[in-house]
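Engineer: Here you go, sequence then predicted model.
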Protein chains: 2
Amino acid sequence: MRMGEGVEWGLHCCLALAWLDDLAPIPTRRLAEVFDLPAEYLKKQLQPLVKAGILASEPGARGGYRLNRDPSAVTLMDVVSAIEGGLAPFACMEVRQRGAGASAASSTEFRSPCGITMAMRRAELAWRRELASQTLADLLASTSPAAEQRVRRFLAST
Amino acid sequence: MRMGEGVEWGLHCCLALAWLDDLAPIPTRRLAEVFDLPAEYLKKQLQPLVKAGILASEPGARGGYRLNRDPSAVTLMDVVSAIEGGLAPFACMEVRQRGAGASAASSTEFRSPCGITMAMRRAELAWRRELASQTLADLLASTSPAAEQRVRRFLAST
DNA sequence: GCGAGACTACTCGGATATATTTTGTCCGAGTTCTCAGGG
DNA sequence: CCCTGAGAACTCGGACAAAATATATCCGAGTAGTCTCGC
């Protein structure tokens, strides 16, 4: 159960884009340089963020990506679920309903989800809640001004 | 970020084994029949639980698996981390330390982890805490007695 | 009848294949800039 | 000099390929029961 690296990349890119007041789009090549990442693959990772409406893209020369919403309107959960696909980490297959003797069970027995599923859901919910409680704006406030200056200056140049 | 199906299987098997007061080991073939799972692959999924000391195994004929600890001493986190490998879902690669201008940063800037990492860790911690707060004994108490009876009777037969 | 020993049946554990997902690369459609040529 | 238009440069988006991981299978080591043979 490892989370794809695209999540980390996406979050850093969103943050970097949020630092720019400028609305001019930034191409992936430039973003990739900031973090020393493979440009082509980074582009692929950012695409779902566009689909989710978090980023906006401009094609053609002078094109690139820019933040499409106010940083306070983008939660970490938004970014994570956009890139990871939004599926539940724990997929309950309802194994209890299969196999030996399950057919003999009363019809009401499976009305409510099994205890295991509920426990996993509870844990997952705690995770989601935590991610949803933080926005890009919160991250902006808590990051080092020095780092922000460096990235801004780099992206602004040229 | 999908969790392997082995986790669900492992939990259900632990629960089934916990229902048996009897200490006689249950072979995987029998467990697989209960939930209609592929026996060989289920066996492979249970092996890490043995390594973690949650289950104990007996080789040879009349062999099988049995619970190695009191149900109240096994948390869901124990089972999940045994099967999934216990790695952090979010692996921070510290991308901020690489790439453009990072070398120009002050030596103290990277002393504390970046905000993104901290936020992800917080979320992960909430998840782990939730899983660690529930034991097999809790699940035993919250499951349908009818299901327990069916599984017990099936595993006890023969 | 009784015991000893070989044999069979069954189990776990780990090594070996296959499938699926993740990671990485490439090419086409579209937009902007550049620059040469004509007015 | 200024305008026009063709070409070059650059970008995103999605199709294609390689690598890594999860899923599934197989074989060997070991144990308990069983059956036969000898006493």
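Structural biologist: Cool, got the structure. Only a predicted model underlies this, so the values are computations on that prediction, with no experimental measurement involved. Numbers count the residues shown, from 1 in each chain, chains lettered A, B, ... in the order given.

Engineer: For burial, what's the neighbour tally of residue A:131?
Structural biologist: For residue A:131, the number of neighbouring residues by other C-beta atoms under 10 Å in any protein chain shown comes to 22. No exception for glycine: its C-beta is placed from N, CA and C like everyone else's.

Engineer: Distance of residue A:30 relative to DNA strand C?
Structural biologist: According to C-beta to the nearest atom of the strand, to the nearest Å, residue A:30 stands 15 Å off from DNA strand C.

Engineer: Skip the chain neighbours and tell me the closest residue to that residue.
Structural biologist: Excluding the flanking residues, the one nearest residue A:30 by C-beta to C-beta, 6 or more residues apart in numbering or on different chains is residue A:155, at 6.3 Å.

Engineer: what helix or strand is that neighbour on?
Structural biologist: Assigned by DSSP states H and E, residue A:155 belongs to helix A:145-156.

Engineer: what about the strands in chain A?
Structural biologist: Ranges of strands within chain A are A:55-58, A:64-67, based on DSSP state E.

Engineer: Of those strands, which stretch is the most buried?
Structural biologist: strand A:64-67 (a mean of 21; mean count of other C-beta atoms under 10 Å in any protein chain shown).

Engineer: Hmm, residue A:16 and the residue nearest to residue A:30 touching each other?
Structural biologist: Yes. With contact defined as C-beta atoms under 8 Å, residue A:155 counts as touching residue A:16 (6.6 Å).

Engineer: Name the residues contacting each of these two.
Structural biologist: A:26, A:31, A:34 (C-beta atoms under 8 Å, 6 or more residues apart in numbering or on different chains).

Engineer: Help me confirm that the first one comes into contact with residue A:18.
Structural biologist: Spelled out, it's residue A:26. No. Taking contacts as C-beta under 8 Å, residue A:26 lies outside contact range of residue A:18: 11.4 Å.

Engineer: re earlier: now, the shared contacts of residue A:155 and residue A:16 that are in helices?
Structural biologist: Of the shared contacts of residue A:155 and residue A:16, the ones assigned to helices by DSSP state H are A:31, A:34.

Engineer: Kindly indicate the member of the shared contacts of residue A:155 and residue A:16 with the most neighbours.
Structural biologist: Using other C-beta under 10 Å as the neighbour criterion, residue A:31 leads the shared contacts of residue A:155 and residue A:16 with 24 neighbours.

Engineer: How much space separates it from chain B?
Structural biologist: 10 Å (C-beta to the nearest C-beta, to the nearest Å).

Engineer: Chain neighbours aside, what residue packs nearest to that residue?
Structural biologist: residue A:13 (5.2 Å).

Engineer: give the contact list for the one you found.
Structural biologist: Taking C-beta under 8 Å, 6+ apart, one finds A:31, A:35, A:42, A:46, A:65 in contact with residue A:13.

Engineer: Any chance of a markdown table for the residues you listed, columns pLDDT?
Structural biologist: Formatted as a markdown table, these follow (pLDDT from 0 to 100):
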| residue | pLDDT |
| --- | --- |
| A:31 | 95 |
| A:35 | 93 |
| A:42 | 98 |
| A:46 | 98 |
| A:65 | 97 |
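
Engineer: and of the strands of chain A, who's closest to residue B:3?
Structural biologist: Among those, strand A:55-58 comes nearest to residue B:3, with 28.1 Å by C-beta to C-beta.

Engineer: Could I get the average pLDDT for the closest one?
Structural biologist: The average pLDDT within strand A:55-58 is 96.

Engineer: again, but for stretch A:81-101
Structural biologist: When pLDDT is averaged over stretch A:81-101, the result is 78.

Engineer: Show me which residues of that stretch are buried.
Structural biologist: Neighbour counts over stretch A:81-101 (16 or more other C-beta atoms under 10 Å in any protein chain shown) mark A:81-84, A:89-90, A:92, A:95-96, A:99-100 as buried.

Engineer: what does stretch A:119-139 give?
Structural biologist: A:119-120, A:122-124, A:126-128, A:130-131, A:134-136, A:138-139.

Engineer: Which other helices and strands does the lowest-mean-pLDDT helix or strand in chain A contact?
Structural biologist: Lowest by mean pLDDT, DSSP states H and E among the helices and strands of chain A is helix A:145-156, with a mean of 88. In terms of contacts (3 or more C-beta pairs under 8 Å, 6 or more residues apart in numbering or on different chains; DSSP states H and E), helix A:145-156 is packed against helix A:5-19, helix A:28-35.

Engineer: Format those helices as CSV; extra columns: distance to residue B:5.
Structural biologist: Output for those, formatted as CSV (distance: least, C-beta to C-beta, whole Å):
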stretch, distance to residue B:5
helix A:5-19, 22
helix A:28-35, 34
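
Engineer: wait, which of these is closest to residue B:55?
Structural biologist: The closest of those to residue B:55 is helix A:5-19. By C-beta to C-beta, the value is 33.5 Å.
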